[in-house]
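# Structure here, sequence nowhere to be found:
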């Protein structure tokens, strides 16, 4: 079938048609994503190129009753220039003013909206040790901020908005206006924000999570066994009191929010001491602007003991070297290939989207909400029970079209969970 290419003028007309949907999307992020409460502090972290969308979020937050909205801007070009000219030692410490800003906002009960939109190749050629050092410093030194996010004390939501360089990567060869329009449309479709009432659509979407969570939690598997034709043959043990989560989650006080828009995953934290075998990636991993592709990891007694990558091996090495927990798993996530993101056929080159098109695992930190009573435990107590402790959390996609996942209960009964990349009960 022959299709005509969009012109820039057609893209401009298309953007005008999308404007009401983008506004509803902003409201969805504010009301369902972080569930802003009257009198609450709200933080919006956004790329400067997404200023128009950030302004919408600010307005929607005030309409929801926010006491005050703080906007934190970031920029790919500034970040790259900084990494090019500043010695690595500087990145190993977070400036006092920045620690005070993040920690005081968290302690004040703020909710955090993170607008995802960056050039996937922004840091190509930059020593990956520098952004890794900056990330480690922020995650280890901004203690109240990190605890607020890690323990869901502060509601948070990651949601995407296009920037031109990202759009060009996703839709190569298109003029910027056309690529940005197409990416906006893809974001809205995958975020279920194109209907008349996106918030109602998300209530319905959450019902599908509840069914899958019920089936997984009722079986209470001892371990999962992953196999695929690309060589994946991995056994992942689960903790004695593990809980599956996904879709809408809650703060310890019971306030509901969606951490990711879009989201298609149900997940838990495995026993980081009981992972054995080999797993192969199914999609590229973009980490701090560097690509890792066609890679594999071999685990023994929970830890990565060998690995390789055709692209980005140095970045993979830096991830694994973050700390002791970076070589162990903190998350297993199950996602059917029958989702809007996967069915779009688009490779987004962005983890928020690509992880929701594919079953994935994560190196690093585990989740307290995925262990019964975990919110009442410290990180070291959770680690003693098998929930990983780390200053990083890096998702990587393993969901091939022929992926099989079998759940094995403590009594040895085997239950098919995934067959050919989709839920066995679909």
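Happy to help now that I have it. These figures come from a predicted structure and were not determined experimentally.
# all helices of the stretch 101-250 of the chain, in order?
Shown for the stretch 101-250 of the chain, the helices assigned by DSSP state H, counting those that start in this stretch span residues 129-141, 143-150, 164-170, 176-190, 198-219.
# So what does the spatially most central residue of the chain have for phi and psi?
In the chain, the residue lying closest to the centroid (CA atoms, centre = their mean) is residue 352, at 4.4 Å. With angles defined as degrees, to the nearest 10, residue 352 sits at phi -50, psi -40.
# how many neighbours does residue 277 have?
16 (other CB atoms under 10 Å). Every C-beta, even on glycine, is put in place using the N, C-alpha and C of the backbone.
# Which residue ranges make up the domains of this structure?
Following automatic domain parsing, one gets these domains for the chain: 8-190, 221-423.
# so where do the helices sit in the stretch 301-426 of the chain?
Taking DSSP H, counting those that start in this stretch as the criterion, the stretch 301-426 of the chain carries its helices at 313-320, 340-344, 351-354, 379-384.
# quick one, which of the ones you listed is nearest to residue 163?
Among the helices of the stretch 301-426 of the chain, helix 351-354 comes nearest to residue 163, with 13.6 Å by CB to CB.
# elements contacting the closest one?
Contact here means 3 or more CB pairs under 8 Å, 6 or more residues apart in numbering; DSSP states H and E; on that basis helix 351-354 packs against strand 156-160.
# and the domains of the chain as CSV, adding mean pLDDT?
As requested, these are exported to CSV (pLDDT from 0 to 100):
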stretch, mean pLDDT
domain 8-190, 96
domain 221-423, 95
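# and these as CSV, adding distance to residue 206?
Below are the domains of the chain laid out as CSV (distance: least, CB to CB, whole Å):
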stretch, distance to residue 206
domain 8-190, 9
domain 221-423, 5
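# of those, which approaches residue 199 most closely?
Counting by CB to CB, and looking across all of the domains of the chain, nearest comes domain 8-190 at 5.6 Å.
# Same list (the helices of the stretch 301-426 of the chain) but as TSV, adding distance to residue 96.
TSV is the format used below for these (distance: least, CB to CB, whole Å):
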stretch	distance to residue 96
helix 313-320	26
helix 340-344	40
helix 351-354	30
helix 379-384	24
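# what about the strands in the stretch 301-426 of the chain?
Ranges of strands in the stretch 301-426 of the chain, per DSSP state E, counting those that start in this stretch, are 303-311, 329-334, 360-364, 393-397, 404-408, 414-419, 422-423.
# can you put those strands in TSV and add distance to residue 250 and mean neighbour count?
Compiled in TSV, those are given as follows (distance: least, CB to CB, whole Å; neighbours: other CB atoms under 10 Å):
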stretch	distance to residue 250	mean neighbour count
strand 303-311	32	15
strand 329-334	18	25
strand 360-364	21	25
strand 393-397	19	22
strand 404-408	25	20
strand 414-419	25	16
strand 422-423	24	18
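# To residue 196, which of the domains of the chain lies closest?
Counting by CB to CB, and looking across all of these, nearest comes domain 8-190 at 8.6 Å.
# Please compute how far that closest one lies from its chain's middle.
Taking CA atoms, centre = their mean, to the nearest Å, the mean C-alpha location of domain 8-190 is offset from the chain mean by 13 Å.
# please begin residue numbering at 55 from this point
Shifting the count to begin at 55 puts that one at domain 62-244.
# Tell me the span between the first and last residue of it.
Its first and final residues considered, domain 62-244 spans 23 Å by CA to CA, to the nearest Å.
# got it, and stretch 174-188?
Across stretch 174-188, the terminal residues are separated by 18 Å (CA to CA).
# Could I get the buried residue list for it?
Judged by neighbour count using 16 or more other CB atoms under 10 Å, the buried positions of stretch 174-188 are 174-177, 180, 182, 184-188.
# and if you look at stretch 121-132?
Residues of stretch 121-132 classed as buried by neighbour count (16+ other CB under 10 Å): 121, 123, 125, 128, 130.
# now, which of the buried residues of stretch 174-188 sits nearest residue 462?
For residue 462, the closest of the buried residues of stretch 174-188 turns out to be residue 186, at 35.8 Å, with distances computed as CB to CB.
# how deep is the residue nearest to that closest one when sequence neighbours are not counted tucked in, by neighbour count?
If the residues on either side of it in the chain are set aside, residue 186 comes closest to residue 372, at 4.6 Å by CB to CB, 6 or more residues apart in numbering. By the measure other CB under 10 Å, the count of residues near residue 372 is 25.
# wait, doesn't residue 372 sit right on residue 184?
No: taking CB atoms under 8 Å as the definition, residue 372 is not a contact partner of residue 184, at 9.5 Å.
# what's the nearest residue to residue 83 if we skip its chain neighbours?
For residue 83, ignoring the flanking residues on the chain, the nearest one in space by CB to CB, 6+ apart is residue 213 at 4.7 Å.
# Could you give the bridge partners of the one you found?
Bridge pairing for residue 213 (DSSP bridges) gives the partners residue 169, residue 315.
# Distance-wise, check it relative to residue 80.
The spacing between residue 213 and residue 80, counted by CB to CB, to the nearest Å, is 9 Å.
# Which one of the two is surrounded by more residues?
For residue 213 against residue 80, the residue with the higher neighbour count under other CB under 10 Å is residue 213, and the figures read 27 against 24.
# Pull the contacting residues for that one.
Residue 213 makes contact with 79, 83, 87, 167-170, 245, 314-315, 406, according to CB atoms under 8 Å, 6 or more residues apart in numbering.
# Also residue 266?
With CB under 8 Å, 6+ apart as the criterion, the residues that contact residue 266 are 298, 300, 320, 388, 477.
# if we can go back for a sec, compare the strands of the stretch 355-480 of the chain and give me the one nearest residue 395.
When those are compared by CB to CB, strand 447-451 sits nearest residue 395, at 11.1 Å.
# Which strands border that closest one, and is each parallel or antiparallel?
In the sheet containing strand 447-451, the strands it pairs with under DSSP bridges are strand 414-418 (antiparallel).
# ok and the strand it pairs with relative to strand 357-365, angle-wise?
Going by axes from the mean of the first three to the mean of the last three CA atoms, to 10 degrees, strand 414-418 is angled at 120 degrees with respect to strand 357-365.
# now the residue lying closest to residue 306 once chain neighbours are set aside: how far from residue 201?
Nearest in space to residue 306, with sequence neighbours left out and distances taken as CB to CB, 6+ apart, is residue 429 at 4.6 Å. Residue 429 sits 11 Å away from residue 201, taking CB to CB as the criterion.
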